[in-house]
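Student: model the structure of this input:
(2 chains)
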Amino acid sequence: MAAPIIELTAVDKTFESRAGATEALRAISLAVEAGEFVSIIGPSGCGKSSLLRIVGDLVQPSAGTVRVNGKSARQARLDRDYGIVFQTPVLYEWRTVLENVKLPLELAGRPRGERERRPPTLLRLVGLEEFAGHHPWQLSGGMQQRVSIARALALNPSILLMDEPFGALDEMTRERLNQELLQVCAETAATVLFVTHSIAEAVFLSSRIVVMSPRPGHIDRIVTVDLPHPRVDKTRALPRFFELVTEVRQSLREDPRLAAGREGQDGPGAR
Amino acid sequence: MSRVREYAPAALVLALGLVLWEAVVFAFSIEFYLLPAPHVIVQSLRENYPVLVEAGLYTFTEAVLGWVLGCGGGILAAMAASRSPAFASLVLPYAIASASVPIIALAPLAIVWFGVEQGSKIAIVVLMTFFPTFVSTLRGLLGVAPQSLELMTSYAASEQQIFWKLRLPASLPMTLTALRACATLAMIGAVVSEFFGGPVKSLGVYIKSTASLFQTRQAWSAILVACALGLLFYFAVALVERLVMPWHFERREG
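Tutor: This is a model prediction of the structure:
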């Protein structure tokens, strides 16, 4: 078996502040294989975003090791192995949609031919080719996030890190983008680490779901999603889909600290 | 058409103001040396046209040159200071405090240092425009959204790339706002510095000498020229602002 693409071993993270130390993550060990789509789910404050940032070398772990593509996370970042999609689109307002997608190619110093050819292809992939000349504020939230996905794919990264990319969108838009994301991932063969707080989204997208609990954040269990591919609208109606949603929800609820106030949230029929 | 509708109320207020001014002067029989009626000022403007144009250009040159040097220096200094946030936080409080210093009070000294001609006035305008531009540009360069920076970090961008592709374009709105405000400051600085001494062919000296001789209508016509030049300067900079960052304005209007 090939070495994992992402491998975390006994990772701890403690944030120091004037108010004292906060233990955000404790003893996180996780291996993600090539081509996997792994979701990290958990309530607010369980450190799931911090975990993603540690993998992306945007935050340093307090202890433990992170190996990405057989190198340190820092080296992987310097080699531009990552494409990152943040909670907000983070588009530069002085750039057009096309120019925003072009940014990573410019930063990586790619040849002019590639800088000209690649962005339109990426915009077609996310269905925004006719908005190439628009400025970000002229687009809806969902469209902006698609631009940021196109940008994340610009350098054809082996790893996509996505931090609640659809969290701010309405349920209909989110479901459509979920579908699109799977198509895009199928075409790029990227390994995806995906942070979310929506159970239905995690079940629909993932090959495995990492369920986390807070204070300090740790991995409760890992649910393997054995739904058939390709995942389509009908997938959401399969009995197995509901079973998995229930399984993840129960895993989240087993933690007594989370039991209160979560009834009815995140379920497929809740909205 | 929408432009006309937008500015029509303001134009109406101006017209009404002038009519009211005329009416008050006549109704209360105010002597023209105290407050000349608008039509008298316009008459004086026509009579003294060549002198006023020469004086206006002389003063306007000071304002524009001082503005270019002061704002240009402020932008360059801010770019340099932004390379070291520690240095920036060291100088920023002083630069901000300078806004409350009446720099115009240095005008008599400027004459001692740079002579009675344009040099001393330009020096005052440079001082008046340097600090606001410096502070605004530096804040723009350093006040970039953390997420925008994180995006750059995730792509292993160099400091150079972060500066040219993020900090500089992100700071443009603040810098250009400062440039616009400084255009107004520059005209004030030039005219007021001339009150402390200068050649006769300058607006400040013209206003001061005619006013002290109770030639009020001439003084007013020169003030009118100063106003017109100040507005011209302001709108020229505002136009450049729109050309440099169309995205910023489309958004507000969109």
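
Student: make it CA atoms for all contacts and neighbour counts henceforth
Tutor: OK.

Student: can you give me the strands for chain A?
Tutor: Along chain A, counting by DSSP state E, strands occupy A:6-17, A:20-32, A:37-41, A:63-68, A:71-72, A:82-85, A:159-163, A:191-196, A:208-213, A:218-224.

Student: average pLDDT for the third one?
Tutor: Rounded to a whole number, the mean pLDDT of strand A:37-41 is 94.

Student: now that strand against strand A:218-224, angle please.
Tutor: Interaxial angle, strand A:37-41 versus strand A:218-224 (axes from the mean of the first three to the mean of the last three CA atoms, to 10 degrees): 140 degrees.

Student: the strands of chain A: which one's closest to B:Q160?
Tutor: strand A:82-85 (21.1 Å; CA to CA).

Student: direction included, what does that closest one pair up with?
Tutor: Sheet pairing for strand A:82-85, assigned by DSSP bridges, gives strand A:159-163 (parallel).

Student: got the angle for the strand it pairs with vs strand A:63-68?
Tutor: 130 degrees.

Student: which residues touch strand A:159-163?
Tutor: By CA atoms under 8 Å, 6 or more residues apart in numbering or on different chains, the residues outside strand A:159-163 that reach it are A:49, A:52, A:56, A:81-87, A:152-153, A:190-196.

Student: tilt between it and strand A:6-17?
Tutor: Using the same axes, to 10 degrees: strand A:159-163 against strand A:6-17 is 40 degrees.

Student: show me how far strand A:159-163 is from its chain's centre.
Tutor: Its chain's C-alpha centre and that of strand A:159-163 lie 4 Å apart, by CA atoms, centre = their mean, to the nearest Å.

Student: likewise stretch B:148-168?
Tutor: 33 Å.

Student: please see if it touches chain A.
Tutor: Yes. Contact of stretch B:148-168 with chain A (CA under 8 Å from any CA of the partner chain) involves B:S148, B:E150, B:L151, B:T153, B:S154, B:Y155, B:A156, B:A157, B:Q161, B:L166.

Student: pLDDT of that stretch, averaged?
Tutor: 93.

Student: got the buried residues for it?
Tutor: By 16 or more other CA atoms under 10 Å in any protein chain shown, the buried positions in stretch B:148-168 come out as B:148, B:150-157, B:162-163, B:165-168.

Student: one more: stretch B:23-38?
Tutor: B:V25, B:F32, B:L35, B:P36, B:A37, B:P38.

Student: quote the end-to-end distance of it.
Tutor: Its start and end residues considered, stretch B:23-38 measures 10 Å (CA to CA, to the nearest Å).

Student: what does that stretch contact?
Tutor: Under CA under 8 Å, 6+ apart, the answer for stretch B:23-38 is B:L18, B:W21, B:E22, B:F214, B:Q215, B:T216, B:R217.

Student: burial check on the fifth one, number of neighbours?
Tutor: Okay, so that is B:Q215. 17 (other CA atoms under 10 Å in any protein chain shown).

Student: kindly indicate which of the buried residues of stretch B:23-38 lies nearest B:L14.
Tutor: Distances from B:L14 to the buried residues of stretch B:23-38, taken by CA to CA, are shortest for B:P38, at 11.9 Å.

Student: for the closest one, grab phi and psi.
Tutor: phi -50, psi -40 (degrees, to the nearest 10).

Student: next: B:R83.
Tutor: phi -70, psi -30.

Student: for the residue of the stretch 51-200 of chain A found nearest chain B, give me its contacts.
Tutor: Residue nearest to chain B within the stretch 51-200 of chain A (CA to the nearest CA): A:L78, separated by 5.2 Å. Contacts for A:L78 were tallied using CA under 8 Å, 6+ apart; they are B:Y155, B:A156.

Student: ok so, going back, format the strands of chain A as JSON lines; extra columns: mean neighbour count.
Tutor: As requested, these are exported to JSON lines (neighbours: other CA atoms under 10 Å in any protein chain shown):
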{"stretch": "strand A:6-17", "mean neighbour count": "17"}
{"stretch": "strand A:20-32", "mean neighbour count": "17"}
{"stretch": "strand A:37-41", "mean neighbour count": "26"}
{"stretch": "strand A:63-68", "mean neighbour count": "19"}
{"stretch": "strand A:71-72", "mean neighbour count": "16"}
{"stretch": "strand A:82-85", "mean neighbour count": "27"}
{"stretch": "strand A:159-163", "mean neighbour count": "24"}
{"stretch": "strand A:191-196", "mean neighbour count": "24"}
{"stretch": "strand A:208-213", "mean neighbour count": "23"}
{"stretch": "strand A:218-224", "mean neighbour count": "18"}
